[in-house]
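A.B. asks: sharing a sequence plus its predicted fold:
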Amino acid sequence: MSSYEVFADYYDGLTLNVDYPRRADYLLGVLARHKHDAGLTLDLACGTGSLTIELKRRGVDVYGIDGSGEMLSAALSKAAEEGLEILFLCQKMQSIDLYGTIDTCVCTLDSINHMTNPDDVQATFDRVSLFMNPDGLFVFDANTPYKHEKVLGSNTFVYDTDEVFCVWQNTLKENGIVDIDLSLFIPEGDAYYRSDESFSERAYTDAELRAMLTKAGFTVEAVYGDMSFEAPKDDEQRVIYVARKNNY
């Protein structure tokens, strides 16, 4: 995975469509629906900490982990500005090493898809399971094969903000993998400074994710369409998995 060295500086501005307060409320709704107290919660692949901060505001005992130091630097600054004490750790998802056990883990905004090797996904599920208390909940989302094939595809998207002009180019490959090339044009006076970053995402089938969760010691309790409590539609772009750690 890319470390998003420059992208981290503009991530928040390019993801203004993400309603973090609403997503935090939704996640807490998921926990309530499954009769689970959040307890000590890990926000895995927390990025710039927007969701972590929203959960903290709602009284959740939460900390965040991300593999990008640049993303975490932004997260720390945002938390400090609000006077919130939140622990952020720089670790890769597939090799997290926690100080103790957790009761809940959330992982959002397609972070699982950023691992294009199924072995890394399995390793991530295994590590989350290792540090999760029995009956704990693992709630994560994932892009669907439909989104990768029909929406992302080999398409190009352009984002124009006050801070950056971004050209987002996709290349659809085999196994639901999309190579993503970002060209960031950053204004400096009368000129623009260009920075390029690349990463890939892979869509996993429902059967693949269920098999990996089962192997890691989880039982899938529900799969929802994004931000809903309904079964995913055929054209669903993102799905939510709710998996409970086995108590045996």
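C.D. replies: Nice, I can see it. Numbering: from 1, shown residues only.
A.B. asks: rest of the way, CA atoms for contacts and neighbours
C.D. replies: Will do.
A.B. asks: so what's S195 bridging to?
C.D. replies: Beta-bridge partners for S195, by DSSP bridges, are L184.
A.B. asks: would you map out the domains in the chain?
C.D. replies: Residue ranges for the structural domains of the chain, counted by automatic domain parsing, are given in the record as 7-143+204-245, 148-201.
A.B. asks: what's the most buried one of the ones you listed?
C.D. replies: Among the domains of the chain, the stretch with the highest mean neighbour count (mean count of other CA atoms under 10 Å) is domain 7-143+204-245, at a mean of 19.
A.B. asks: so where's this protein shaky on pLDDT?
C.D. replies: Screening the chain residue by residue with the criterion pLDDT under 70, one finds the ranges 1-17.
A.B. asks: show me where it has its helices.
C.D. replies: Per DSSP state H, the chain has helices spanning 7-14, 20-33, 50-57, 69-81, 118-130, 145-146, 206-215. These are given in chain order.
A.B. asks: identify all contacting residues around the third one.
C.D. replies: The one in question is helix 50-57. 20-21, 23-24, 43, 46, 62-64, 75, 79, 84, 86 (CA atoms under 8 Å, 6 or more residues apart in numbering).
A.B. asks: centre of the chain to that helix, how far?
C.D. replies: 14 Å (CA atoms, centre = their mean, to the nearest Å).
A.B. asks: try the last one
C.D. replies: In terms of CA atoms, centre = their mean, the gap separating the centre of helix 206-215 from the centre of its chain is 18 Å.
A.B. asks: by how many degrees do that helix and helix 118-130 diverge?
C.D. replies: Compare the direction of helix 206-215 with that of helix 118-130 by axes from the mean of the first three to the mean of the last three CA atoms, to 10 degrees and you get 40 degrees.
A.B. asks: the fourth one too?
C.D. replies: Here helix 69-81 runs at an angle of 40 degrees relative to helix 118-130 (the same axes, to 10 degrees).
A.B. asks: now do the longest one
C.D. replies: With the same axes, to 10 degrees as the basis, helix 20-33 and helix 118-130 are set at 60 degrees to each other.
A.B. asks: CA atoms only for helix 20-33, dumped as PDB, please.
C.D. replies: In PDB, the C-alpha atoms belonging to helix 20-33 read as follows (Å, rounded to 0.1, in the frame of the first residue of the first chain):
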ATOM      1  CA  TYR A  20     -18.300  11.100   9.200                       C
ATOM      2  CA  PRO A  21     -20.800  12.100  11.900                       C
ATOM      3  CA  ARG A  22     -23.500  10.100  10.200                       C
ATOM      4  CA  ARG A  23     -21.200   7.200   9.700                       C
ATOM      5  CA  ALA A  24     -20.200   7.200  13.400                       C
ATOM      6  CA  ASP A  25     -23.900   7.300  14.400                       C
ATOM      7  CA  TYR A  26     -24.500   4.400  12.000                       C
ATOM      8  CA  LEU A  27     -21.700   2.300  13.400                       C
ATOM      9  CA  LEU A  28     -23.100   2.900  16.900                       C
ATOM     10  CA  GLY A  29     -26.500   1.900  15.600                       C
ATOM     11  CA  VAL A  30     -25.000  -1.400  14.300                       C
ATOM     12  CA  LEU A  31     -23.500  -2.100  17.700                       C
ATOM     13  CA  ALA A  32     -26.900  -1.400  19.400                       C
ATOM     14  CA  ARG A  33     -28.700  -3.500  16.900                       C
END
